[in-house]
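In: fold the following and give me the result.
(one chain, ligands or ions: 1)
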Amino acid sequence: MYRIAPSILSADFARLGEEITRVVASGADWIHFDVMDNHYVPNLTIGPLVCEAIRPVTQAPIDVHLMVKPVDRIIPDFARAGADVITFHPEASEHIDRSLGLIRDSGCRAGLVFNPATPLHYMDHVMDKLDVVLLMSVNPGFGGQKFIPETLSKLRAARDRIDAYAAKSGRRILLEIDGGVKVDNIAEIARAGADTFVAGSAVFGAGRDGDPNRYDSVIGALRAELARVGA
Ligand SMILES: O=C(CO)[C@H](O)[C@H](O)COP(=O)(O)O
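Out: Predicted coordinates for the structure are as follows:
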């Protein structure tokens with residue numbers, strides 16, 4: 001089963017609740033929530049107050065991607081604000097195992113995020129605490145960048161690790177991709193092993209002219225491409 005997670009980084013912040021309602025009604029599975037601190041990444045976005053404000057607007061899982069350093073301090077705030085999934089970058093944590101435990105103890109699903117230059121071995125000794133592995137296919141900090149093609153081989157390597165772990169443990173870890181995902185490359189990305197797709201500018205950019213049917217058509221087109229790949 002594939003999940004499509006529009007990133008609200010590219011939404012119209014002046015009408016955020018409405019934007020979320022519209023993408024979910026158009027078939028989005030998760031809402032991807034990008035948190036940037038102007039320290040770990042050179043941009044500043046939204047925090048727990050905004051997460052709390054959108055929580056009543058939708059039943060869809062809120063997938064919080066922390067691009068902040070340090071991470072532990074802010075994890076309980078996002079859990080209280082209604083996050084369902086919380087992911088962070090291994091370089092931003094003093095103690096990866098403890099940060100993952102903190103997320104899970106607060107009732108959320110936990111994940112690690114890998115920048116294009118971050119090696120996958122960070123996941124090896126914490127598989128039992130991982131619910132999601134998120135590979136960045138752009139360098140984090142901004143929406144609307146181009147998909148880095150080398151991510152496809154990294155996805156295959158992550159898929160092999162996740163499948164080997166599932167065969168041993170019976171636990172399925174999700175493999176999410178984030179950055180430059182579009183209608184014309186989503187099938188290739190799915191074939192490389194991703195099952196959860198963050199798409200910001202592809203989805204919200206399509207609705208910028210105010211036509212509410214645009215979200216339906218772009219999410220429908222993403223799903224049609226995924227249907228060509230199969231389950
Ligand atoms: O984490 C991010 C940037 O750091 C964004 O989620 C990502 O870039 C999605 O935007 P787009 O689909 O426009 O590339």
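
In: helix/strand/coil for the residue lying closest to Ile219 once chain neighbours are set aside?
Out: Excluding the flanking residues, the one nearest Ile219 by Cβ to Cβ, 6 or more residues apart in numbering is Gly27, at 4.4 Å. Bear in mind the C-beta positions are built from the backbone N, C-alpha and C, glycine included. Secondary structure, DSSP: H, G, I helix; E, B strand; the rest coil: Gly27 is coil.

In: what's the burial count for Gly27?
Out: Other residues within reach of Gly27, judged by other Cβ atoms under 10 Å, total 15.

In: tell me who's in contact with it.
Out: Gly27 sits next to 4, 216, 219-220, 223 when contact means Cβ atoms under 8 Å, 6 or more residues apart in numbering.

In: taking the residues you listed together, which two end up most distant?
Out: Ile4 and Asp216 (12.3 Å; Cβ to Cβ).

In: what's the pLDDT at His89?
Out: pLDDT, His89: 98.

In: list the contacts of it.
Out: Here His89 is in contact with 40, 66-67, 69, 71, 112-115, 118, 140 (Cβ under 8 Å, 6+ apart).

In: what is the longest helix along the chain packed up against?
Out: Criterion DSSP state H: the longest helix present in the chain is helix 151-169. Under the contact criterion of 3 or more Cβ pairs under 8 Å, 6 or more residues apart in numbering; DSSP states H and E, helix 151-169 touches strand 132-136, strand 174-178, helix 186-191.

In: swap in 10 Å and give it another go.
Out: strand 109-114, strand 132-136, strand 174-178, helix 186-191 (3 or more Cβ pairs under 10 Å, 6 or more residues apart in numbering; DSSP states H and E).

In: let me have those in CSV, adding mean neighbour count, mean pLDDT and distance to His32 as columns.
Out: Converted to CSV, these look like this (neighbours: other Cβ atoms under 10 Å; pLDDT from 0 to 100; distance: least, Cβ to Cβ, whole Å):
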stretch, mean neighbour count, mean pLDDT, distance to His32
strand 109-114, 22, 98, 12
strand 132-136, 25, 99, 10
strand 174-178, 25, 98, 7
helix 186-191, 19, 98, 15
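
In: in a markdown table: these, plus distance to the ligand.
Out: Shown next, in a markdown table, are the helices and strands packed on helix 151-169 (distance: least, Cβ to the nearest ligand atom, whole Å):
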| stretch | distance to the ligand |
| --- | --- |
| strand 109-114 | 9 |
| strand 132-136 | 7 |
| strand 174-178 | 5 |
| helix 186-191 | 11 |
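
In: do the longest helix of the chain and the ligand meet?
Out: No. With Cβ under 6 Å from any ligand atom as the measure, helix 151-169 is seen stopping short of the ligand, the closest distance being 11.9 Å.
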